[in-house]
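Sharing a model that was predicted from the sequence below.
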Amino acid sequence: MSKRNIILFCVLALLVGGFFLKGYLDDQTVRKNIELENKSLFPGLTKDQITELKIADTEKNTTVTLAKVNDQWVVKDKDNFPADKTLVDKAVEALPKLRFGHKVGPFTEESKQKYGFDKAIELTVLGKTVVMGQPAGARLPLKFDNEIYLSPNNDRYTFARYDGEWRERKLFPGQEPADVVAVKLAVAGQPEITVTLDDKGEATVVGITGADAQKAKSLLTAVGGLRVSSFIDTPPVTVGETEKDKKMEPLAKGMVTVSFKNGATATLELAGLKLKDKPDYLISKGGRVFGLSEYYYNKLAKPDLLPGKPASMPVSKPVKK
């Protein structure tokens, strides 16, 4: 065999060998990517093992720690205020399902901007931290142990609350609107009104005459479904009156007592104050102050229980405050 043919043979052998080597390496890469697609970020983790979860939003500069205390989830950063069970359940169910996905490479300043890690959500559970960037199509960029992956689990929305709030907004946690059987309204300057639901599901009203039974029943349902509009964590700037017909009118004050099917009762105080330059009106329950929407505040302070259009209620025995 001539020298020229030997060289050609060697070159051909190298090309063929390189082709098969590339195919092998590509196959190994594909295998690794397939493995990573199905590999859990938290191997063996179950939702029942999660008793604390820290969530940091770098864009909003907020951090919240959710903890399970005596089988109830609370927000540790907010004096152990009860957490929204629905939101927490979704979070702890999503965590064990998180998978690595496609590996991109090491975390760099360039990748930080490219994959939205400058507006990240950081999750810490059982001593491990995973960072979520901004979704890239159907994939979610994840940073784990300083490596970047494109996860098939695009669950960022589960942890990124638009207002950063995880506290329970139901004013009566554990109760449903249909559980309310009686509401007593004692508002200053108005007759004391009591709406009661009998065993047949019919509503009766004491305190005014000619009340509409359906409106009374609707009031019970509305009260049972009341939700906090805003949480008051610092002393707010408030006003005690609002403009009506070009005149300033003081806001109604009073007490609302709610009774439930299971025998439990709860009391709300209508503070007669609203947040300055904001639509929320102040109420208090159990020593805590909350903001309630104007619509529902007025539904309690000025209940519409008469047939037809809203009318002025006859005042017979005004409640003294």
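Yep, it's here.

As a check, name the ranges of all strands in the stretch 201-321 of the chain.
Using DSSP state E, counting those that start in this stretch, the strands of the stretch 201-321 of the chain run over 203-206, 230-231, 238-239, 241-244, 247-250, 254-260, 265-275, 281-285, 288-292.

Equivalent analysis for the stretch 51-200 of the chain, please.
52-57, 62-69, 72-75, 81-82, 102-106, 121-125, 128-132, 140-144, 147-151, 180-187, 193-197.

For Ala213, find the nearest of these.
Closest approach to Ala213 among the strands of the stretch 51-200 of the chain is made by strand 193-197 (9.6 Å; CB to CB). From N, CA and C alone the C-beta is placed, and that goes for glycine too.

Can you tell me what sits against that closest one?
180-185, 203-208, 216-217, 219-220, 303, 305 (CB atoms under 8 Å, 6 or more residues apart in numbering).

Buried residues of it, list them for me.
Ile193, Val195, Thr196, Leu197 (16 or more other CB atoms under 10 Å).

How about stretch 107-117?
For stretch 107-117, the neighbour count (16+ other CB under 10 Å) marks Phe107, Ser111, Lys112, Lys114, Tyr115, Gly116, Phe117 as buried.

how much space between the residue lying closest to Leu66 once chain neighbours are set aside and Lys78?
Nearest residue to Leu66, sequence neighbours excluded (CB to CB, 6 or more residues apart in numbering): Leu53, at 4.7 Å. Taking CB to CB, to the nearest Å as the measure, Leu53 falls 15 Å from Lys78.

Glu243 now?
Using CB to CB, Glu243 is found at 34 Å from Lys78.

ok so, going back, can you flag the weakest of the strands of the stretch 201-321 of the chain by average pLDDT?
In terms of average pLDDT, strand 241-244 trails the rest of the strands of the stretch 201-321 of the chain, at a mean of 86.

Would you list the strands that that one pairs with, along with their directions?
If you go by DSSP bridges, strand 241-244 pairs up with strand 247-250 (antiparallel).

This completes my enquiry, with thanks.
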